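Engineer: Need coordinates for the below:
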Amino acid sequence: MILLLKLVLAPLLVVGSSVAGRRWGNRVAGTLVAFPIVAGPILLISCWEHGARFGARAATASLLGLVSLAVFAVVFAHAGRRRRWPTALALAWAASLLADVALVPLSVGPGVGALLVLVSIRVAYRLIAAIDDGPTERTVPAPPWWDLPGRALATGSLVLLVTGIAAQVGPVVTGILAPFPIATSVVAAFVLARQGPAAMVRTLAGVIRGLVGFAAFCLVLAVLLVPVGVPGAFGAAVAAVLVVQVGGAGWAGRRHRAHPVRSGMPPTGGAR
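Structural biologist: Okay, the predicted model is just below:
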């Protein structure tokens, strides 16, 4: 059942964020795709199979995994400006995995992990914003019929790969691998291939903004799993990420409607 949920929820997230990007802009799509739709089930499985203490350690390690996700976004954004999506994706995955390897030996508490994530988010956003060329006049053709199904299929395949690896290791490696950029990889690659580097950069800027909510999710789990238990901790974590993520996406959408010229998109009411 959990595997089925992962295979359904993650592709639905990618499809939903892609549709939102067409309506409200790529920054909103990036923010939405940063929901812990893959990491959440992985951490829940860890708790069910190994107990709340195991899950709390994995959630703390997931905070470090978000540092690697920020590295992925920065490398993909810079590489994607000059190279096609397969090369950019390979370089970003390599950088993310190297960051994971470097972070595995670290032993930090939830507070320090959250601080590291916030610093990484700040630095990554600055590095991506520095190459944001602003709105472009590029005309994007209507997507083919297979666009959204292709994104969903690619996401489901990556979920199987990453969760299969995570199931064979301990709590630290499981936690660090849980935020592996599955949905982000699919969305960024499709946006780069279809809309070009400028749209891809804005999408990844939204992903970096969305990592704040992802970090809140992991931090709440790391702190509450042992004293509160699995149901209460996950309920609080979901509430935290919804408040941060949906609030941020709504703010970005209102900003888009208020400043359609700056966003490079037509006003919502006139979209075609």
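
Engineer: Could you use CA atoms for every contact and neighbour count after this?
Structural biologist: OK.

Engineer: what's the residue nearest the centre of the chain in contact with, if anything?
Structural biologist: With distances taken as Cα atoms, centre = their mean, Ala34 lies nearest the centre of the chain, 3.0 Å away. By Cα atoms under 8 Å, 6 or more residues apart in numbering, Ala34 lies in contact with 183-184, 207, 210-211, 214.

Engineer: make it 10 Å
Structural biologist: 13-14, 17, 69, 179, 181-184, 204, 206-214, 241, 245 (Cα atoms under 10 Å, 6 or more residues apart in numbering).

Engineer: Next: Pro149.
Structural biologist: By Cα under 10 Å, 6+ apart, the neighbours of Pro149 are 11-12, 15, 155.

Engineer: Rebuild those as JSON lines, extending it with secondary structure.
Structural biologist: Below are those laid out as JSON lines (DSSP: H, G, I helix; E, B strand; the rest coil):
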{"residue": "Pro11", "secondary structure": "helix"}
{"residue": "Leu12", "secondary structure": "helix"}
{"residue": "Val15", "secondary structure": "helix"}
{"residue": "Thr155", "secondary structure": "helix"}
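
Engineer: What I need now is those written out in CSV, including pLDDT for each item.
Structural biologist: Output for the contacts of Pro149, formatted as CSV (pLDDT from 0 to 100):
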residue, pLDDT
Pro11, 78
Leu12, 79
Val15, 78
Thr155, 71
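
Engineer: Same list (the residues you listed) but as JSON lines, adding distance to Ala90 and neighbour count.
Structural biologist: Listed next are these as JSON lines, based on distance: Cα to Cα, whole Å; neighbours: other Cα atoms under 10 Å:
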{"residue": "Pro11", "distance to Ala90": "21", "neighbour count": "27"}
{"residue": "Leu12", "distance to Ala90": "24", "neighbour count": "20"}
{"residue": "Val15", "distance to Ala90": "23", "neighbour count": "23"}
{"residue": "Thr155", "distance to Ala90": "16", "neighbour count": "27"}
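
Engineer: Of those residues, which is the nearest to Gln195?
Structural biologist: Val15 (16.2 Å; Cα to Cα).

Engineer: residue ranges for the strands of the stretch 1-150 of the chain, please.
Structural biologist: Using DSSP state E, counting those that start in this stretch, no strands are found in the stretch 1-150 of the chain.

Engineer: counting contacts, what elements does whatever helix or strand Leu224 lives in pack onto?
Structural biologist: Under the criterion of DSSP states H and E, Leu224 resides in helix 197-228. Helix 197-228 is packed against helix 26-33, helix 39-50, helix 52-80, helix 110-129, helix 182-195, helix 230-258, with contacts defined by 3 or more Cα pairs under 10 Å, 6 or more residues apart in numbering; DSSP states H and E.

Engineer: Run the angle between the first one and helix 182-195 for me.
Structural biologist: When you say that, I think you mean helix 26-33. 160 degrees (axes from the mean of the first three to the mean of the last three Cα atoms, to 10 degrees).

Engineer: looking at this protein, which helix or strand is least sure?
Structural biologist: None of the helices or strands of the chain scores lower by mean pLDDT, DSSP states H and E than helix 260-263, at a mean of 38.

Engineer: Can you pull out the low-pLDDT segments for the chain?
Structural biologist: Across the chain, residues meeting the criterion (pLDDT under 70) sit at 1-3, 5-6, 134-146, 158, 162-167, 247-272.

Engineer: 90 instead, please
Structural biologist: Within the chain, the ranges that satisfy pLDDT under 90 run 1-51, 54, 104-108, 132-187, 190-191, 194-195, 206, 209, 242-272.

Engineer: Thr60 against Leu221, yeah?
Structural biologist: Yes: between Thr60 and Leu221 there is a contact under Cα atoms under 10 Å: 8.1 Å.
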